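A.B. asks: With the input below, show me the fold.
(2 chains)
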Amino acid sequence: MARVVLVTGVSRLVGGRTARDLSLSGAVDRVIAVDAVPPSHSLGQAQFVRADIRNPIIGKIIRQEQVDTVVHLGVITTPRQAGGRTSQKEINVIGTMQLLAACQKADTLQRLVVKSSSSVYGSSPRDPAMFTEDMPARKAPTVGFAKDSVEVETYVRGFARRRPDVAVTMLRMANVVGRGLRTPLTDYFSMRVVPVPFGYDGRVQVLHLDDAVRACVSGATSEASGIVNIAGGGFVTVKQAACLLRRPIVHVLPYTASLVAFVSAQGRIGTFDADQMSWLCYGRGMDTTRMRELLGFEPAFTTREAILDVFADPHRTPQHPPRATVAGPIGGGA
Amino acid sequence: MTPRDGDQRSGKGDAASKPARPAEIAAAAKARKRPPRKDIRSKAADRSEHPVYTGRTPPSEDRPLHVVPDIADTALADGALPQQSSAAAAVAGVPVPGLERTVAMLVGALRSAGAAAGLEGDDLERRVAQTLGFLRRRITGEYDIDEFGFDPDFTEEVWLPLLRPLYQRWFRVEVRGIENVPADGSALVVANHSGTVPIDGLMLQVALHDQHPAHRHVRMLGADLVFQSPVVGELARRAGTTLAANPDAERLLSNGHLAAVFPEGFKGVGKPFSDRYRLQRFGRGGFVSAALRTGAPIVPCSIVGAEEIYPMLGNLKSLARVLGFPYFPVTATFPWLGPLGMVPLPSKWIIEFGAPIDTATFGPEAAEDPMLVFDLTDQVRETIQQTLYTLLLQRRSVFF
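C.D. replies: The predicted model follows:
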């Protein structure tokens, strides 16, 4: 049973809500919430400590507070949240390295939970229909957030090898969607006209923000360890999702992803992330048997319910996509 | 009139009212290119007063679009269009002017098409309603796909009906031994592959759905090239095909599906006409190990007739390499006759399912025994080859 939990990345939605829910759950004695910038939302009973995980001070906090569980949620999905790709990579990769270095020195540490992403599996026509946790990517991602996630996982594996006494859990989450959350996928479905690749229709799985938070809480409080895929039940295809949301679609050629990104930015159609094109073409499926059996976690929203719940609000005007209320300051703070 | 309309008209008026001098045109173009920030802001403010955004006309629960409703609302406000039922607009997803008329025309077209196909009375009406229901589901996205991307709605309403004329009239497929395919639970159908273009897979799919008493959906295992190709890959996934690899095969079989595999792969489809009905190497026996691990019976299947649909006389290897194809066929008609050369020859087909080979008795650990896997692979291959020879002897001619 965890007693003192340290949560990183609390200025953003998943981190902040995990810190709050953990502190209110009664399953732990104390929650220390860490980020470089103060959150604009409530952290419940959690105690906020303003610290950058890239700074050795984090090690001091872990030692002084006798932290036994570290929940690392400070991996950022879009360059915009971080204030540029360089800064994003810095926070994601170097931040994780520094945090793990501090964790390795902490004798009290018993448990490490890291939020990873399904993007480590890549997307290619040679992919199996469903990835289990043991399967490697057929075509490893080479750019952006997906590459960061692969590198983060490499460092976490290195840590697990050096500290075999610490139970390490990596939660590979499907694309998280939620109101107020801004990721490439939420930008995509907020576009005035949704560009879909011609001749392809990838199967997609998403995870509702509420479920992502619950999964992080279960990861921190359960006894399970290892890599666990986390995704909502069922699948929809990209075009089906656009139909469900009543969005107009336009077919684009898959290899014109950068052009589509440029045109949609210039034409004020919305923000399109060119890196997600292969995912839109080939999709990706994750097997979630281990999530149910090992972690004992069952998402409340299926993929379809999550998409409808988050994007199908008739009162929302997509011309002004919801700014992540808590994501903005990161750029200034980092 | 809405503020937005006013904006647009005044803008147009300026440009059109007087013959502009070159300098003015340049200035106007510049202005159009990047309007001052103030203008954008005031436009945004105008927009916020638009009924759609202020919610003075409360948006219906399932309002389809955000860009297009403007047009519909303005049009309705101007009285240019008759009132449309919001339900109909929501069904279509796009507010087409005179939507009811369009639907009525569609219904009329469907009725006459049905009548031309020889349907009448209640049957015709039922089919028209069924088609409309299908279109409605496609437009609203109210259908389900499974983890492999299989879309039963699409397969039953579009895919199989499209293939049926080819199956019934063109190739006149005769099915034998369908009772060898179990009515429920998993099984792996292993068939020979031929014909330059893998139409045999499609015909096998129709045969198992239409001729089997349980109307089973067969789940094909396809090469990665299938999923790499645009349109083909999308249709293949919708029709139930998934990647021919052990994880997918084992997942299908352990979930109780009927799977089908063509172990010859491209070696089989792309072989020259002179090698017809001569089985190629059966891969590496991966299908046998998948069946052993899941205990699914193997049903050997021999397809006669597919070899003659596109007799492959030559293979432009260098062109194939440039295009990234495994082969580039030259037949008696292709590419000489262009698209006409793509019409398959109407050979007479026979699909025979052999007695199932039980794998459950070996146990899942037998998959780790390469000798047993090789033996079983050979046994399946021999069975199919012998059946092919028998069927060829029984066949009166290629086309009858």
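A.B. asks: Without its sequence neighbours, what residue ends up closest to the closest residue to chain A within the stretch 151-300 of chain B?
C.D. replies: Among the residues of the stretch 151-300 of chain B, B:Pro230 lies closest to chain A, at 2.6 Å counting by Cβ to the nearest Cβ. Where you see a C-beta, it was placed from the backbone N, CA and C, and this is true even at glycine. What sits nearest to B:Pro230 in space, not counting adjacent residues and going by Cβ to Cβ, 6 or more residues apart in numbering or on different chains, is A:Gly199, at 2.6 Å.
A.B. asks: do the same with B:Leu292
C.D. replies: B:Leu292 sits nearest to B:Ala367 (Cβ to Cβ, 6+ apart), 4.0 Å away.
A.B. asks: residue contacts, that neighbour?
C.D. replies: Counting by Cβ atoms under 8 Å, 6 or more residues apart in numbering or on different chains, B:Ala367 touches B:Val288, B:Ser289, B:Ala290, B:Leu292, B:Arg293, B:Val373.
A.B. asks: Doesn't the fifth one belong to a strand?
C.D. replies: Right, B:Arg293. No. Assigned with DSSP: H, G, I helix; E, B strand; the rest coil, B:Arg293 falls outside any strand and is helix.
A.B. asks: what's the burial count for B:Ala113?
C.D. replies: If you count neighbours by other Cβ atoms under 10 Å in any protein chain shown, B:Ala113 ends up with 14.
A.B. asks: cool, B:Glu368 as well?
C.D. replies: Close neighbours of B:Glu368, defined as other Cβ under 10 Å, add up to 11.
A.B. asks: try A:Leu171
C.D. replies: Residues lying near A:Leu171 (other Cβ under 10 Å) number 24.
A.B. asks: just checking, it touches A:Ser117?
C.D. replies: No. Between A:Leu171 and A:Ser117 there is no contact under Cβ atoms under 8 Å: 9.1 Å.
A.B. asks: which ones are touching the residue nearest to A:Phe198 when sequence neighbours are not counted?
C.D. replies: Excluding its sequence neighbours, the residue lying closest to A:Phe198 (Cβ to Cβ, 6+ apart) is A:His251, at 4.1 Å. Counting by Cβ under 8 Å, 6+ apart, A:His251 touches A:Pro195, A:Val196, A:Pro197, A:Phe198.
A.B. asks: which secondary structure element contains A:His251?
C.D. replies: Assigned by DSSP states H and E, A:His251 belongs to strand A:249-252.
A.B. asks: ditto for A:Met170
C.D. replies: strand A:167-173.
A.B. asks: got the contact list for that strand?
C.D. replies: Strand A:167-173 has contacts (Cβ under 8 Å, 6+ apart) with A:110-118, A:120-121, A:133, A:153, A:156, A:159-160, A:207, A:212, A:215-216, A:219, A:222-231, A:286.
A.B. asks: Apply 6 Å and report the result again.
C.D. replies: Applying Cβ atoms under 6 Å, 6 or more residues apart in numbering or on different chains, the external contacts of strand A:167-173 come out as A:111-118, A:156, A:160, A:207, A:212, A:215, A:219, A:225, A:227-230.
A.B. asks: Equivalent analysis for stretch B:380-398, please.
C.D. replies: Residues from elsewhere that reach stretch B:380-398 (Cβ under 6 Å, 6+ apart): B:190, B:192, B:277, B:279, B:282, B:298, B:300, B:302, B:304, B:308, B:347, B:350, B:352, B:354.
A.B. asks: The residues you listed in strands, which ones?
C.D. replies: In strands, judged by DSSP state E, the following of the contacts of stretch B:380-398 are found: B:Val190, B:Ile298, B:Pro300, B:Ser302, B:Val304, B:Ile350, B:Glu352.
A.B. asks: just the strands in chain B please.
C.D. replies: In chain B, the strands defined using DSSP E lie at B:174-176, B:187-191, B:218-222, B:242-243, B:258-261, B:298-304, B:312-315, B:329-331, B:350-353.
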